[in-house]
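Engineer: Let me see the structure of the following:
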Amino acid sequence: MAGLEQYHDKRDFRKTSEPAGQLAPSKKTDAGGIFVVQKHAATRLHYDFRLEHDGVLWSWAVTRGPSLDPHERRLAVHVEDHPIDYASFEGTIPKGEYGGGSVLVWDEGRWIPDGDPAKGMKKGHIDFELEGQKLNGRWHLVRLKPRPREKRDNWLLIKSNDAAARPGEDILVEAPQSVKSGLTIEEIGEGKTAKGAKPRVWHSNKPAAGKAKSPRLEFVEPQLATLEKNAPSDEEWVHEVKFDGYRMQAQIAGSDVRLLTRTGLDWTKKFEGPVVAELAGLKCRDAIIDGEIVVLADSGVSSFAMLQADLSAGRTDRFIYYVFDLMRLNGEDLRREPLVERKQALAELLGERSEQSA
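Structural biologist: This next block holds a predicted model:
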């Protein structure tokens, strides 16, 4: 049973600004929920990895931080459960208090367990998928066999070797800032706040006051690629470029524009700016478009590291939305139509934009 007794016993909330929190209402146990990674400059710099489950945040202290390299196995020490409210905590814990030091929200998003996570916790092996701004794809938490007189509950945090893996790259160095404020851990330690940062402007496509908002479209689960040893050479096949970015479903309903992840999370705010503005300018009553948002390096190749860095910094001017399928247009479901015809309809919808990004 999840509980916060140990969390409360370790803290004096008259001195620390950390949230006292309460047990949140339990959700379906195998549904996952939010995840957060907090960079924590305490006695030793580490990263707190937290997964929502049964009204609390399961928590591990990852001494060297998470890695997108599947060859890296990062020690993760299982610590006390934290309240859900802690997921947004960013600031400085006073010196002398438990965990004294600066804290920032390094990454956040949703986690999707593979099977019942409670059984995985008991067994000592939790498989799951992350959809964050910096961490994505499949991951594993594996409990280590305790050594004699070992008091700590030691686990390993391991990235699966999938499309989101980045062997040889260090996301901790490439994207050190908070996804919440854009600040570094040093700036938070100096007492700076997001108020001094450049304000983020949402190029909203909301209807003017007094106008009815169009009903939202239902999320369409995207088709995902399957791994094969050889690419087909038959002329009946259509080939797509493999981009290193975020698969995004654009939904246009009247004057409303949404960008959804491949599991249906609304990430419109993360990509606010030119991409949303261009989609809002398409001449249609409604539409559902499938594509990938990327940032291109100077070589012209998509760079996942640069995309993550821009998301962390709140930069939107380099996002490119490569669109490759049109699943709905003006109230008509096009999924039963041949792919080549859907692509032709997409090109006609984009018009001059088909030579650019949507």
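
Engineer: For stretch 296-311, which outside residues touch it?
Structural biologist: The contact list for stretch 296-311 (C-beta atoms under 8 Å, 6 or more residues apart in numbering) reads 133-134, 164, 166, 169, 171, 174-175, 179, 243-246, 270, 293-295, 315-316, 318-320. Glycine gets a C-beta too; all of them are placed from N, C-alpha and C.

Engineer: which residues are contacting the helix or strand harbouring I288?
Structural biologist: Assigned by DSSP states H and E, I288 falls within strand 286-294. With C-beta under 8 Å, 6+ apart as the test, strand 286-294 has contacts from 214, 217, 220, 222, 243-254, 259, 271, 275, 279, 302-303, 307, 319-331, 346, 349, 358.

Engineer: what angle do the next helix or strand after it and strand 286-294 make?
Structural biologist: Next helix or strand after strand 286-294 toward the C-terminus (DSSP H and E): helix 304-313. Helix 304-313 runs at 110 degrees relative to strand 286-294, counting by axes from the mean of the first three to the mean of the last three C-alpha atoms, to 10 degrees.

Engineer: Please identify the buried residues of helix 304-313?
Structural biologist: Within helix 304-313, the residues that count as buried by 16 or more other C-beta atoms under 10 Å are F304, A305, M306, L307, Q308, A309, D310, L311, S312.

Engineer: Let me see the ranges of the helices in this structure.
Structural biologist: Assigned by DSSP state H, the chain shows helices spanning 5-9, 117-123, 171-174, 185-189, 274-280, 304-313, 339-350.

Engineer: quick one, which of these is nearest to G21?
Structural biologist: helix 5-9 (7.7 Å; C-beta to C-beta).

Engineer: And the protein, split by domain according to the record?
Structural biologist: Domain assignment of the chain by automatic domain parsing yields the ranges 5-196, 198-358.

Engineer: deepest of the helices of the chain, which one?
Structural biologist: Mean neighbour count (mean count of other C-beta atoms under 10 Å) peaks for helix 304-313 among those, with a mean of 21.

Engineer: Let's see that helix as PDB, backbone CA atoms only.
Structural biologist: This file holds the C-alpha atoms of helix 304-313, laid out as PDB (Å, rounded to 0.1, in the frame of the first residue of the first chain):
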ATOM      1  CA  PHE A 304      16.800  14.500 -31.800                       C
ATOM      2  CA  ALA A 305      19.300  16.100 -29.400                       C
ATOM      3  CA  MET A 306      18.700  19.600 -31.000                       C
ATOM      4  CA  LEU A 307      15.000  19.100 -30.900                       C
ATOM      5  CA  GLN A 308      15.100  18.300 -27.200                       C
ATOM      6  CA  ALA A 309      17.400  21.200 -26.500                       C
ATOM      7  CA  ASP A 310      15.000  23.600 -28.300                       C
ATOM      8  CA  LEU A 311      12.000  22.200 -26.300                       C
ATOM      9  CA  SER A 312      13.900  22.800 -23.000                       C
ATOM     10  CA  ALA A 313      14.900  26.300 -24.000                       C
END
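
Engineer: Show me how far it is from its chain's centre.
Structural biologist: 12 Å (C-alpha atoms, centre = their mean, to the nearest Å).

Engineer: do the same with stretch 302-317
Structural biologist: The answer for stretch 302-317 is 13 Å, by C-alpha atoms, centre = their mean.

Engineer: Which positions within stretch 132-150 qualify as buried?
Structural biologist: By neighbour count with 16+ other C-beta under 10 Å, stretch 132-150 contains the buried residues G132, Q133, K134, L135, N136, G137, R138, W139, H140, L141, V142, R143.

Engineer: And stretch 152-160, by the same measure?
Structural biologist: Buried residues in stretch 152-160, counted by 16+ other C-beta under 10 Å: N154, W155, L156, L157, I158, K159.

Engineer: where are the low-confidence patches of the protein?
Structural biologist: Residue ranges of the chain with pLDDT under 70: 1-2, 26-30, 194-214, 227, 352-358.
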